[in-house]
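A.B. asks: Here is my input; please provide its structure:
(2 chains)
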Amino acid sequence: MTDTTTTRTPVPAAPAQAAPAAAPTSFVGALEIDIRFLGMIGALAVIWVVFDFLADGTFLTPRNLWNLSVQSSSIAVMSTGMVLVIVMRHIDLSVGSILGVTGMVMAVFQVGTLLPAFGFNHPAVIVLTLVAGIAAGTAIGALHGFVIAYLGVPAFIVTLGGLLVWRGAAWAVAEGKTIPLVDDNFKLLGGGANGSVGETWSWVIAIIACLAIAFATVQARRQRQRFHFPLKPVWAELVIVVAGCLAVIGATLMVNAYTLPPVLARRYAEAAGLTVPPEGISISFGYAIPVLVALAVGIVMTFVTNRTRFGRYVFAIGGNPEAADLAGINTRRVTLAVFALMGALAAIGAAISTARLNSATNAQGTLDELYVIAAAVIGGTSLSGGSGTIAGAMLGALVMQSLQSGMVLMRVDTPYQNIVVGIVLVFAVWIDTVYRKRFK
Amino acid sequence: MNAVTSPVAAPGASHVEGTPAVEMRDICISFGGIRAVDGVSVDLHPGEVVGLLGHNGAGKSTLIKILAGAYKPDAGEIRINGQKAEIANPRDAKRYGIETIYQTLALADNVDAAANLFLGRELMTPWGTLDDVAMEAATREVMGRLNPNFRKFKEPVRGLSGGQRQSVAIARAIHFNAKILIMDEPTAALGPQETAQVAELIKQLKAEGIAIFLISHDIHDVFDLADRVSVMKNGKLVGTARTSDVTKDEVLGMIILGKSPPGALAGPGAAAD
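C.D. replies: Model prediction:
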């Protein structure tokens, strides 16, 4: 045998490859950003500006944008899981019902079991509530995944059944009663004045985020240098880092500009033992905790899809299930895991939305599956499988919520809101189809 | 390669002496009462190209899927380098150094060349994450050997031409040190220039001592590349012949009529005249 053996040490690439690949011609080309993602940010900006104009300047206020971020977080969390489900050519119609039943499970478990056992506001209460909810969600999702992957029932049918079963189960947990939540720590997950991190911590988070962006860029560049790969121009890297940091700083300025109303601020300051100056005190909300949870989920899910074997397999199976099978990938196990993950994310969504409403009801999350699917699809996830991004889906959730909240500010009645959202969904997917045909 | 050409070799015997890289003996497999492969025996030596010919539905692909671990035979045995081999799934086959390039190419269209090359065998960093940079480096190295003009390392393979896709599929096989390469209709989807490229590649791999099964329903694809041909019809082996001992027309007769010519070693599927 001659040298067909693999060289594992980093070899300098052939001389022809040491030179940067064909010099990128356009500005956007050099930046190597997803054009679709850029388009979505543009679309979101247009929606915001138009609504601000139509709603007499009430849309682009710190207060409304802050609310928008909180209202989007539950759907955004779930949309990250839906991306993987749809990438694998499946669908999950049961997420709204899983949200309903896991919300009820958490509330009943907290009020009925944990509170008597640990006492009021004990830290174990929030931890165990979340553990129970996420375990329940994972188990439900895994059950769906098992039936889909190992028994061969189409996901559409399994999760359609799940939609009915778990909605019924949500009712059965407490026979239709509404369960009020009592643990104050758990309520922080819902946002509000207490469930926000305040000005100082918001800046700390912003600085860490900016450093992380810079560090990740430098690290990626070093890696490519080490292997003598073609590199992006330095200015392109700088543009990305600066744009990312500006976005972070802008968002931080915005959430810090939203302050407590003077009366509440005074009460809050007094409760915290601060002396209130006569001219009043300004207390910023800062980032809401549910938003931080959603961002953390987004980062973790992006890592999972891009950097782990599991994520790679999800995309490979979505691209060509037969090829994945022949490559020795256990496609059934991956399918089961994706649905289990979706269930876990629905439970996190449930924690956020029950905490926000301060109670669990059996109708919670009704129709959420459709918003979650819409968010993923508007965010560029292809229903034919194989492509989609976590960031796109989260942006899609923000687009959906922007439409709804904008129409509320314009005092559009709910039925008309639904008409608009429905039309926008179809329109967005049509645009995406045209894009795919032209550019791919 | 220590090939010794023996002038008085029996018809159909390999010109390469020594232990065959692959011996499949009396392989049988049925699907729902239909004998897809019925008592077929073939062998393949290191540095040799054997063309496996027959009509669509003759059982060639099924036979080869057994060797690749996609199907389990009902009867018969497989020997790799003289040792009896147990091949129950694609992973087992890969452990024996058997790599397969399927007719359908078996690439995931939506991910890039490196992801396809390492599909199912990803390189990982010490932290358990995908080592994309190392995989890209290895891909650049192996592709540089196969197809030096290849540049689209960051693109999903969907955007590649037929020949480029084929070279990714072949790169996957040779990067993992294939000793035995199975190519199912490797040029079926290619234009004339790309077909010539793949032919060149096959010669190169053969020179490196790799044993190659070339499967095709078209004799013209394989006759010039193969050292020997084995022809199947209706699940049975018609016969095996050295390409130097038979003409294209005679092989065509084997494929169409199932008639084994004098220069070939007749198999159980040969038509009696």
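
A.B. asks: my read: A:I352 touches A:G192, true?
C.D. replies: No: between A:I352 and A:G192 there is no contact, the gap being 11.9 Å when judged by CB atoms under 8 Å. All C-beta atoms are positioned from the backbone trio N, CA, C, and that covers glycine.

A.B. asks: what about B:D92, neighbour count?
C.D. replies: Neighbourhood size, B:D92 [other CB atoms under 10 Å in any protein chain shown]: 15.

A.B. asks: Show the contacting residues for the closest residue to it other than its chain neighbours.
C.D. replies: With sequence-adjacent residues excluded and distances taken as CB to CB, 6 or more residues apart in numbering or on different chains, B:D92 is closest to B:G69, at 5.2 Å. The neighbourhood of B:G69, defined by CB atoms under 8 Å, 6 or more residues apart in numbering or on different chains, consists of B:87-94, B:98.

A.B. asks: number of nearby residues for A:C245?
C.D. replies: 17.

A.B. asks: Does B:L237 lie in a helix or a strand, and which?
C.D. replies: strand B:236-242 (DSSP states H and E).

A.B. asks: Also A:T159?
C.D. replies: Going by DSSP H and E, A:T159 is in helix A:155-174.

A.B. asks: and that helix, how far out from the chain's middle?
C.D. replies: 23 Å (CA atoms, centre = their mean, to the nearest Å).

A.B. asks: What number of neighbouring residues does residue 180 come out with?
C.D. replies: If you meant another chain, say so; for now it's chain A. 11.

A.B. asks: could you do chain B instead?
C.D. replies: 23.

A.B. asks: now the one 3 residues further on
C.D. replies: Applying other CB under 10 Å, we find 29 other residues in the vicinity of B:M183.

A.B. asks: show me the contacts for the nearest residue to it once chain neighbours are set aside.
C.D. replies: Closest residue in space to B:M183, ignoring its immediate chain neighbours: B:I101 at 4.8 Å, by CB to CB, 6+ apart. Residues counted as contacts of B:I101 (CB under 8 Å, 6+ apart) are B:166, B:169-170, B:172-173, B:181-184, B:186.

A.B. asks: For the strand holding B:L237, name the packing helices and strands.
C.D. replies: strand B:34-44, strand B:228-233, helix B:248-257, strand B:264-266 (3 or more CB pairs under 8 Å, 6 or more residues apart in numbering or on different chains; DSSP states H and E).

A.B. asks: Strand B:34-44 and the second one, what's the angle between them?
C.D. replies: The directions of strand B:228-233 and strand B:34-44 differ by 170 degrees, with axes from the mean of the first three to the mean of the last three CA atoms, to 10 degrees as the criterion.

A.B. asks: got the contact list for strand B:228-233?
C.D. replies: So strand B:228-233 is contacted by B:12, B:14, B:40, B:42, B:48, B:50-55, B:58-60, B:63, B:219, B:222-223, B:237-243, B:246, B:251, B:254-255, B:258, B:267, B:269 (CB under 8 Å, 6+ apart).

A.B. asks: and if we set it to 7 Å?
C.D. replies: For strand B:228-233, the external contacting residues (CB atoms under 7 Å, 6 or more residues apart in numbering or on different chains) are B:14, B:40, B:42, B:50-55, B:58-60, B:222, B:237-243, B:251, B:254-255, B:258, B:269.

A.B. asks: circling back: could you name the helices and strands sitting against the helix holding A:T159?
C.D. replies: helix A:95-109, helix A:123-150 (3 or more CB pairs under 7 Å, 6 or more residues apart in numbering or on different chains; DSSP states H and E).

A.B. asks: Show me which residues of chain B are close to chain A?
C.D. replies: Taking CB under 7 Å from any CB of the partner chain as the contact definition, chain B meets chain A at B:70, B:90-91, B:102, B:104, B:106-111, B:115, B:119-120, B:122, B:129-130, B:133, B:136-138, B:140-141, B:144, B:148, B:151, B:174-175, B:177, B:208-209.

A.B. asks: Could you spell out which stretches of chain B belong to which domain?
C.D. replies: Per the record, chain B has its domains at B:14-97+B:180-273, B:110-177, by automatic domain parsing.

A.B. asks: need the ones you listed in a markdown table with mean pLDDT, can you?
C.D. replies: Output for the domains of chain B, formatted as a markdown table (pLDDT from 0 to 100):
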| stretch | mean pLDDT |
| --- | --- |
| domain B:14-97+B:180-273 | 87 |
| domain B:110-177 | 87 |
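
A.B. asks: nearest to A:G422, of the ones you listed?
C.D. replies: domain B:110-177 (28.8 Å; CB to CB).

A.B. asks: got the end-to-end distance for the closest one?
C.D. replies: Terminal residues of domain B:110-177 are spaced 25 Å apart (CA to CA, to the nearest Å).

A.B. asks: can you give me the strands for chain A?
C.D. replies: A:179-180, A:359-360 (DSSP state E).

A.B. asks: and the ones you listed, which is most packed in?
C.D. replies: Mean neighbours per residue, mean count of other CB atoms under 10 Å in any protein chain shown, is largest over those for strand A:359-360, with a mean of 22.

A.B. asks: partners of that strand in the sheet?
C.D. replies: Strand A:359-360 has its sheet partners listed here by DSSP bridges as strand A:179-180 (antiparallel).

A.B. asks: show me where the stretch 1-150 of chain B has strands.
C.D. replies: B:22-31, B:34-44, B:49-53, B:75-80, B:83-85, B:98-101 (DSSP state E, counting those that start in this stretch).

A.B. asks: Compute the distance from the centre of the third one to the centre of its chain.
C.D. replies: Its chain's C-alpha centre lies 8 Å from the corresponding centre of strand B:49-53 when counted by CA atoms, centre = their mean.

A.B. asks: angle of it against strand B:22-31?
C.D. replies: 20 degrees.

A.B. asks: Please apply the same query to the fourth one.
C.D. replies: If you take the same axes, to 10 degrees, strand B:75-80 sits at 150 degrees to strand B:22-31.

A.B. asks: how about strand B:75-80: buried residues?
C.D. replies: B:76, B:78-80 (16 or more other CB atoms under 10 Å in any protein chain shown).

A.B. asks: Nearest to chain A, out of the residues you listed: which one, please.
C.D. replies: Of all the buried residues of strand B:75-80, B:I80 has the smallest distance to chain A: 15.3 Å, by CB to the nearest CB.

A.B. asks: Just give me the neighbour total for the residue lying closest to the closest one once chain neighbours are set aside.
C.D. replies: Leaving out its chain neighbours, the residue that sits closest to B:I80 by CB to CB, 6+ apart is B:Y96, at 4.9 Å. Each residue near B:Y96 was counted by other CB under 10 Å, and the total is 21.

A.B. asks: Show the contacting residues for A:G162.
C.D. replies: Counted by CB under 7 Å, 6+ apart, A:G162 has contacts A:94, A:97, A:144.
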